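Trainee: Give me a 3D structure for the following:
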Amino acid sequence: MAAFVFSLLAGLWMLIMGGVTAWNYSRGHAWGGSGAFGWAWHHHHALHGYGGGLLWSWIGMAMGIFIVVGISVVLAVPAIARVWGWLIIGASVIDLLAGAGGFLAVVLGVIGGILAIVWQPGPP
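Mentor: Purely as a prediction, here's the structure:
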C-alpha cells in the first residue's frame, strides 16, 4: 500500500529531523544549515525568540509519532482510512508550520494522506 510507505517515510523523517533539531537546541546553539535542511534550520532560528526552537522541534516530533501511529491504524482498520488520511494531512501541515521535518516530510505526508483518503480496500 503506497499510502503506508509515503506516510511512514514522512513520520520517520519528522521524528529524525525533530530529534536532531531538539538535540541541537538543547546544546544551546542553532545550526547555520544550508542545502536541503537550510529552510528548517533558518525557520527554527527565526522562531528562537518566540517560544524557542526546542518547542517547535518537539511539536514536529509529536506530529511524526502521530503520523506513524495513524498509518498503522489505517493498516489495522481500513474502514477508517479516510479519516486518518485527513488527520495525516493535517499533521503534515502542522509540521510545516513548526518547520521541524522540512518540506520533504510535508510532501511525503500529504501524498500519503491523499493516498489513504482515496484508497479502496478490497473485500476481507
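Trainee: quick one, what contacts Gly60?
Mentor: Gly60 is in contact with 14, 17-18, 21, 95, 98-101, counting by CB atoms under 8 Å, 6 or more residues apart in numbering. Yep, even glycine has a C-beta here, placed from its N, CA and C like the rest.
Trainee: gap between it and Arg82?
Mentor: 25 Å (CB to CB, to the nearest Å).
Trainee: Can I get the contacts of Gly60 in TSV including pLDDT?
Mentor: TSV is the format used below for the contacts of Gly60 (pLDDT from 0 to 100):
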residue	pLDDT
Met14	90
Met17	85
Gly18	82
Thr21	76
Asp95	87
Ala98	77
Gly99	72
Ala100	69
Gly101	72
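Trainee: Identify, from these, the entry nearest to Val68.
Mentor: Within the contacts of Gly60, the smallest distance to Val68 is 8.8 Å, found for Met14 (CB to CB).
Trainee: Determine the three-state secondary structure at Pro121.
Mentor: Here Pro121 is coil, with the state taken from DSSP: H, G, I helix; E, B strand; the rest coil.
Trainee: got a list of what it touches?
Mentor: Pro121 sits next to 78-79, 81 when contact means CB under 8 Å, 6+ apart.
Trainee: Out of those, which end up buried?
Mentor: If you count burial by 16 or more other CB atoms under 10 Å, the buried members of those come out as 78, 81.
Trainee: Low-confidence regions, the protein specifically.
Mentor: 24-54, 100, 124 (pLDDT under 70).
Trainee: how about the helices of it, start to end?
Mentor: 2-26, 38-47, 52-76, 81-98, 102-118 (DSSP state H).
Trainee: roughly how far out does the fourth one sit from the chain middle?
Mentor: If I follow you right, that is helix 81-98. With CA atoms, centre = their mean, to the nearest Å as the basis, helix 81-98 stands 8 Å off its chain's centre.
Trainee: Could you pull up the contacting residues of the closest residue to Leu9 other than its chain neighbours?
Mentor: With sequence-adjacent residues excluded and distances taken as CB to CB, 6 or more residues apart in numbering, Leu9 is closest to Leu108, at 5.1 Å. Contact analysis of Leu108 by CB under 8 Å, 6+ apart lists 6-7, 9-10, 13.
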